[in-house]
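[1] The amino acid sequence is not available; the structure is as follows:
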Ligand code: ADP
Ligand code: MG
Ligand code: ZN
């Protein structure tokens with residue numbers, strides 16, 4: 001709008017300017033007197049004329065008294081001839097200064113054109129400017145409805161070999177690529193081709209990556225759009241963008257259309273979460289319409305990715321739409337190692353690094369986290385002025401990602417250091433002394449992030465199931481710090497608060513979720529979880545106050561048992577506890593091997609928790 005006003009203002013200003021220019025040029029300088037040739041003759045003879053400028057047939061005359069006049073001669077004859085014929089004496093002629101100006105064509109035309117054509121040009125230019133800017137505006141308006149389709153213009157080509165793990169996803173997608181390459185094979189068997197494939201999994205598990213690999217593997221046009229681009233300021237834009245995206249893909253068929261982050265538009269209509277958004281619903285409806293509108297043999301396959309399949313509108317998941325669903329899980333141990341290998345390419349690592357050991361230490365890491373880890377390791381190595389990143393840097397990077405950067409500079413008093421050392425030694429020793437506990441990978445009293453110190457214990461391989469015994473061992477180990485402080489100093493510190501919080505949570509889950517308490521095989525409370533984000537959104541209490549009291553009692557029993565276990569172990573192994581704490585105060589960090597070597601002389605026999 002303001003653009004239009006600006007244009008109008010400019011036009012008005014320009015017109016005023018032109019008008020001014022003209023009034024300047026056109027001011028009639030005092031109109032000189034026009035003389036007849038006879039009169040001119042008389043004037044020359046009487047010596048009043050000093051100069052005559054001849055310009056074609058025009059004569060510009062200057063008088064002795066300073067005034068000027070004009071006259072016109074006949075075309076056929078020259079000026080002197082004409083004057084002579086009219087009876088100008090030759091002496092009078094000589095007193096007049098004749099100047100013949102041969103007017104060039106250029107000057108002549110300029111004289112003619114400037115007053116007539118120039119204003120036209122200026123006005124034309126103004127109109128052109130206005131037109132141009134308004135046309136640009138109109139183009140922008142058109143573009144609102146255009147989807148920003150990126151035609152497989154990913155900078156570097158990704159192939160399936162660049163994707164580690166994700167076996168099921170790859171198999172499914174290889175089939176799709178195969179279909180696009182030879183549809184006949186499938187059609188002959190009467191197979192209906194999948195219309196839509198939904199990739200779902202936690203953030204960073206490689207959904208976008210695997211889709212890009214499909215683009216790299218299949219030699220068909222691959223259109224990419226992020227659903228969040230659909231939803232912009234103006235209502236109706238999303239729907240028209242969708243239409244446009246599908247039309248473009250259809251025109252290019254066989255083709256793949258990839259809609260990333262489809263949850264941005266695909267959430268359940270009227271679900272209330274995030275408030276009703278007409279725009280989103282219209283876009284979603286349009287997607288549904290487009291997917292239904294495909295003919296049986298339209299060779300366009302829609303890929304979509306989301307990490308919130310739980311909120312997707314059920315209509316999207318109906319057969320004929322996204323009827324194939326591929327789940328991308330967090331990578332397991334082997335996959336983590338493979339992912340690390342892929343991202344080790346192009347990084348300079350020391351020869352003896354064992355990526356498996358890094359994989360062991362990174363359960364729960366997504367592909368993106370692992371890629372990040374490799375990069376962090378390289379950065380840490382550079383900061384240490386090393387030529388290559390070693391095992392140390394890789395471990396350091398993993399801890400930095402889990403716990404935050406080391407805070408070596410934090411000043412702690414000797415007393416605090418002692419408390420932390422005994423606290424962590426307590427955790428580690430209990431872990432080493434109960435059956436079914438995971439091995440200790442590292443003990444440290446260097447503070448990291450919010451943690452004062454930490455004991456890292458991890459299973460050597462991935463666990464999908466966990467037993468009651470393992471949970472009991474976990475609980476005892478969590479209590480190790482608290483128990484150690486109490487045993488050593490006769491007092492406890494705030495350093496144990498996080499342990500207690502986590503232990504309490506775990507104990508409660510044992511009772512309410514896993515049926516592992518004396519209350520029997522039963523769950524309590526209805527919990528809704530965000531599928532891939534592992535967060536609980538609500539817990540509904542579906543039991544009586546009496547049952548609630550009983551649950552609390554059971555939770556308490558678990559915790560007390562764990563505490564007593566820890567205390568028993570530490571009391572029995574007091575010399576080992578002191579040893580570990582002393583070494584920790586001195587060295588600050590103990591790796592897996594150092595730790596178990598330190599314990600050897602004490603010949604600890606693990607007991608059941
Ligand atoms: P999302 O699932 O959130 O779309 P991305 O595909 O964007 O995750 O993954 C982010 C990055 O993580 C990728 O660019 C890649 O570097 C890395 N990555 C994730 N999964 C894998 C994998 N399976 N193999 C190799 N690299 C992976
Ligand atoms: Mg993604
Ligand atoms: Zn602790």
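    Happy to help now that I have it. Quick caveat, the model's predicted, so the values are computed rather than measured. Numbers count the residues shown, from 1 in each chain. Ligands and ions are numbered 1, 2, ... in the order given.
[2] excluding its backbone neighbours, what's nearest the residue of the stretch 251-400 of the chain found nearest ligand 3?
    Among the residues of the stretch 251-400 of the chain, residue 399 lies closest to ligand 3, at 15.8 Å counting by C-beta to the ion. Yep, even glycine has a C-beta here, placed from its N, CA and C like the rest. In this structure, residue 399 finds its nearest non-sequential neighbour in residue 448, 6.7 Å apart by C-beta to C-beta, 6 or more residues apart in numbering.
[3] now residue 405
    Closest to residue 405 by C-beta to C-beta, 6+ apart is residue 448, at 6.9 Å.
[4] one step back: now the helix or strand where the residue of the stretch 251-400 of the chain closest to ligand 3 lies: mean pLDDT?
    Element membership of residue 399 [criterion: DSSP states H and E] is helix 391-403. What helix 391-403 shows for mean pLDDT is 88.
[5] what packs against that helix?
    Contact analysis of helix 391-403 by 3 or more C-beta pairs under 8 Å, 6 or more residues apart in numbering; DSSP states H and E lists helix 355-360, helix 367-383 as its packing neighbours.
[6] hmm, 6 Å instead?
    Applying 3 or more C-beta pairs under 6 Å, 6 or more residues apart in numbering; DSSP states H and E, we find helix 391-403 packed against helix 367-383.
[7] Number of residues surrounding the residue of the stretch 251-400 of the chain closest to ligand 3?
    The number of residues packed near residue 399 is 24, by other C-beta atoms under 10 Å.
[8] Residue 565: what's it in contact with?
    476, 609 (C-beta atoms under 6 Å, 6 or more residues apart in numbering).
[9] host element of it?
    helix 545-572.
[10] hang on, the earlier thing: next SSE after the helix holding residue 399?
    Toward the C-terminal end, the helix or strand that comes next after helix 391-403 (DSSP H and E) is helix 414-433.
[11] just the angle between that next one and helix 545-572, please?
    Interaxial angle of helix 414-433 relative to helix 545-572 (axes from the mean of the first three to the mean of the last three C-alpha atoms, to 10 degrees): 100 degrees.
[12] what's the pLDDT at whichever residue of the chain sits closest to ligand 1?
    Among the residues of the chain, residue 367 lies nearest to ligand 1; the distance is 2.1 Å by C-beta to the nearest ligand atom. Note on residue 367: pLDDT of 92.
[13] Tell me, how many residues neighbour the closest residue to it other than its chain neighbours?
    Spatially, and ignoring its direct neighbours in sequence, residue 367 is nearest to residue 206 (4.6 Å; C-beta to C-beta, 6+ apart). A count of nearby residues for residue 206, using other C-beta under 10 Å, gives 26.
[14] go on, the one 5 residues further on?
    For residue 211, the number of neighbouring residues by other C-beta under 10 Å comes to 25.
[15] what sits against residue 287?
    residue 242.
[16] That one is in what secondary structure piece?
    Per DSSP H and E, residue 287 falls inside helix 278-292.
[17] looking at the chain, which helix or strand is least sure?
    Sorted by mean pLDDT, DSSP states H and E, the helices and strands of the chain end with strand 150-151, the least confident at a mean of 62.
[18] Dihedrals phi and psi, residue 387?
    Dihedral pair for residue 387: phi -80, psi -30, per degrees, to the nearest 10.
[19] and the closest residue to it other than its chain neighbours, how many residues sit next to it?
    Closest residue in space to residue 387, ignoring its immediate chain neighbours: residue 348 at 7.1 Å, by C-beta to C-beta, 6+ apart. Neighbourhood size, residue 348 [other C-beta under 10 Å]: 12.
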